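[1] generate coordinates for the sequence data below:
(one chain, ligands or ions: 1)
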Amino acid sequence: MGAKMKGVTVVDHPLVRHKLTLMRKKDTSTKSFRQLLKEIGSLVCYEVTRDLPLETVQIETPLMPMSAPTLAGKKLVFAAILRSGMGMLEGMLELVPAARVAHVGLYRDPVTLGCVEYYFKAPADLADRLVIVVDPMLATGNTAIAAMDRLKEAGARDIRMACLLASPEGISNFHGHHPEVKVWTAAVDERLNDHGYILPGLGDAGDRMYGTR
Ligand code: URA
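    Below you'll find the model as predicted:
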C-alpha cells in the first residue's frame, strides 16, 4: 500500500514510480505512453480494490472440498471519463474483467476551464455497486467533480476515484465538493499552471495517448 494523506492514497510502488517517469519524458512514444498507462492502470486498480469484501463459498479442489474466498456483492463499475480514462480503463479491466463500464463524456472548456457533458451511459443499478471513476489527470478537479455530480444524480452512492497524477489544488477542490470520495493516484505533483495543466506533469494525457498533437 502506498503513502497516505487525508482521503488520498499515493500508489508509490517502485514499478509505478518507474513507469510514471517513463510516461513523463517528452520523447516517450505514443505506443509506449499508451502501454504504460495501461500497466499503471492495472497497478493502481490493485490498490483501489484492496479492501473489496469477500465471502466464503464451498468448492472442491481435485483433492478435497474446502471453504474458499470469493468477491462478494454485485460486480463493480468502472466509470471512465472520456477520453483519457479509456487508457487506464484497459489496464483495470485486465484485473477485473467482469466489471461493468460506464462512460462519461466531459470536456474542459479551454477558456473557462468549466465542464461540459456530451455523453453519459451507465448501468441502471449504480446504487447497488461500487463505482470507481477513472481519469488519469486530476488537475483543476472540475472534471472529476462534474463526473461525481452526474454519477450521484444517476444513483451512485459508493464511489472511489482512480487517477495517475493529481495536483494539490485539484485534490483540495475535489474534496471540497465530494469529501467522502477517496482518491488513489500514482503521484501528487507540485502545482497547476495558468492553463490548468499539472506541473511538472506529463502534458496532455489524451493527446499523448492517441498521438493527436
Ligand atoms: N489534463 C491533462 O491531460 N494534463 C494536465 O496536465 C491537466 C489536465
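[2] can we go C-alpha only for contacts and neighbour counts from here?
    Fine.
[3] surely Gly7 is in contact with Gly176?
    No. Using CA atoms under 8 Å, Gly7 is not in contact with Gly176; the gap is 11.5 Å.
[4] ok, the strand ranked longest in the chain: who's next to it in the sheet?
    Secondary structure assigned by DSSP state E gives strand 100-108 as the longest strand of the chain. Strand 100-108 has these partner strands in its sheet, going by DSSP bridges: strand 77-82 (parallel), strand 115-121 (antiparallel).
[5] and the contacts of that strand?
    75-83, 114-123, 143, 147 (CA atoms under 8 Å, 6 or more residues apart in numbering).
[6] which PyMOL command selects the buried ones in the residues you listed?
    The PyMOL command for the buried members of the contacts of strand 100-108 (criterion: 16 or more other CA atoms under 10 Å) is given here:
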select buried, resi 75+76+77+78+79+80+81+82+83+115+120+122+143+147
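[7] what about Met161, how many residues nearby?
    Neighbour count of Met161, defined by other CA atoms under 10 Å: 22.
[8] only the buried residues of the helix or strand where it lies, if you could.
    Met161 is part of strand 158-162, with elements assigned from DSSP states H and E. Of the residues in strand 158-162, 159-162 count as buried by neighbour count, 16+ other CA under 10 Å.
[9] can whatever helix or strand comes next after it be found next to the ligand?
    Counting by DSSP H and E, the next helix or strand C-terminal to strand 158-162 is strand 165-166. No. Using CA under 6 Å from any ligand atom, we find that strand 165-166 stays clear of the ligand, coming within 8.3 Å at best.
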